[in-house]
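Enquirer: return a 3D structure for these sequence lines:
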Amino acid sequence: MRIAVVFLSAWWLYLIVGIVFLYVLLQSVVFLLKARKKALALGFEHKDIGKTILSSVVFSIAPSLAILIGLVALSKVFGPMLAGMRLGTLGAVTYELPAAINVINGVYKANIGDTLTSDMVVTALWVMTLGCIPPLLIIPLFFKKMSSKMESIKEKNKAFSQVMMDAIFLGMISAFIGYVVAPVENDLGETYISFLAILVLLSSAVMIMLFGVIIKKYRLEGLKNYALPMSMVIAMTLAILFAHMGVR
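Expert: Below you'll find the model as predicted:
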């Protein structure tokens with residue numbers, strides 16, 4: 001089998017990813033021009049439209065930092081081009097990276113740091129792609145009906161609806177926590193719980209709570225968009241520090 005490094009640096013892969021990026025950028029420009037034209041038709045001034053575009057650009061920097069961090073992590077599996085295409089179009093690192101790791105570990109009994117073959121990479125990509133399809137079908141076909149059901153539940157019992165939404169949120173968080181605290185196996189076949197992963201999780205949680213206190217106390221609303229990426233960067237920095245201290 002061919003080595004994935006060769007597969008991920010093929011010229012035709014750069015061409016395909018370039019076409020995808022060009023299409024996404026072209027789509028963004030078309031909708032921007034349409035939105036500007038509609039705003040002018042509604043009576044907005046050029047100055048107000050320019051300020052809106054500028055503020056949107058500024059506030060998009062913070063989410064981009066979180067995506068950039070995910071790009072670095074996902075590039076270890078798929079290389080920068082495929083990882084950039086996944087995260088720049090549809091994917092989210094909170095789903096894509098665990099999906100890729102589960103395929104590589106579960107199906108091929110390999111680790112991310114091992115030499116990956118093209119079969120491993122393609123299989124992981126298919127799993128990630130097929131996993132993205134159900135939401136694309138559920139939202140346009142069933143969202144309206146699901147939303148009306150949720151509204152009817154809220155009207156009947158507001159207390160239960162709040163408990164249900166909290167339970168859904170906690171269930172989602174529990175899935176990621178379980179992924180962190182689950183036992184892992186090293187190269188020697190030894191199974192252990194990664195205290196490094198737990199410390200990084202706790203560090204990021206503490207940082208996001210600290211930012212929340214600062215935002216609420218000093219009313220720094222603009223910090224909301226930067227709290228998540230800054231917490232991620234600090235937690236990753238602490239992860240390097242913990243690893244140098246011998247925590248595993």
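Enquirer: which is the next helix or strand following the helix or strand bottoming out on mean pLDDT in the chain?
Expert: For the chain, scoring each helix and strand by mean pLDDT, DSSP states H and E identifies helix 4-7 as the least confident one, at a mean of 63. Along the chain past helix 4-7, the next helix or strand (assigned with DSSP states H and E) turns out to be helix 11-41.
Enquirer: what packs against that next one?
Expert: When contacts are defined as 3 or more C-beta pairs under 8 Å, 6 or more residues apart in numbering; DSSP states H and E, helix 11-41 sits against helix 46-59, helix 61-89. To be clear about C-beta, it is placed using only N, CA and C from the backbone, and glycine gets the same treatment.
Enquirer: for it, buried residues please.
Expert: Residues of helix 11-41 classed as buried: 17, 36, 39 (neighbour count, 16 or more other C-beta atoms under 10 Å).
Enquirer: give the buried residues for the host helix or strand of residue 132.
Expert: When elements are assigned from DSSP H and E, residue 132 belongs to helix 118-156. Within helix 118-156, the residues scored as buried using 16+ other C-beta under 10 Å are 118, 120, 121, 123, 124, 125, 127, 128, 132.
Enquirer: give the contact list for the third one.
Expert: The contact partners of residue 121, by C-beta atoms under 8 Å, 6 or more residues apart in numbering, come to 4, 7, 8, 77, 78, 82.
Enquirer: need the max-distance pair from those residues.
Expert: Put simply, by C-beta to C-beta the two of the contacts of residue 121 set farthest apart are 7 and 77, 12.2 Å from each other.
Enquirer: more crowded one of the two?
Expert: When residue 7 and residue 77 are compared for neighbours, residue 77 comes out ahead with 22 against 19, by other C-beta atoms under 10 Å.
Enquirer: list the contacts of that one.
Expert: The contact partners of residue 77, by C-beta under 8 Å, 6+ apart, come to 83, 97, 100, 101, 104, 112, 116, 121, 124.
Enquirer: which of those residues lies closest to residue 208?
Expert: The shortest gap between residue 208 and any of those belongs to residue 97, at 19.4 Å (C-beta to C-beta).
Enquirer: that closest one sits in which helix or strand?
Expert: helix 93-102.
Enquirer: other residues contacting that helix?
Expert: Here helix 93-102 makes contact (C-beta under 8 Å, 6+ apart) with 67, 69-71, 73-74, 77-78, 86-87, 112, 124, 127-128, 131-132, 176, 179.
Enquirer: how about low-confidence regions in this structure?
Expert: Per-residue confidence for the chain (pLDDT under 70) gives these ranges: 1-6, 62-63, 91, 112-114, 186-187.
Enquirer: could you rerun that using 50?
Expert: Counting by pLDDT under 50, the chain contains low-confidence ranges at 1-3.
Enquirer: as a quick check, tell me the outermost residue of the protein.
Expert: No residue in the chain has its C-alpha farther from the mean C-alpha position than residue 43, which lies at 37.4 Å (C-alpha atoms, centre = their mean).
Enquirer: hang on, that residue in a helix?
Expert: No: Residue 43 sits outside any helix when classified using DSSP: H, G, I helix; E, B strand; the rest coil, being coil.
Enquirer: please name the residues that touch it.
Expert: Contacts for residue 43 were tallied using C-beta under 8 Å, 6+ apart; there are none.
Enquirer: quick one, phi/psi of residue 191?
Expert: When quoted as degrees, to the nearest 10, the phi and psi of residue 191 stand at phi -100, psi 130.
Enquirer: could you measure the residue farthest from the centre of the chain against residue 84, distance?
Expert: As judged by C-beta to C-beta, to the nearest Å, residue 43 and residue 84 stand 40 Å apart.
Enquirer: most tightly packed of the helices and strands packed on helix 11-41?
Expert: The highest average neighbour count among the helices and strands packed on helix 11-41, using mean count of other C-beta atoms under 10 Å, belongs to helix 61-89 at a mean of 18.
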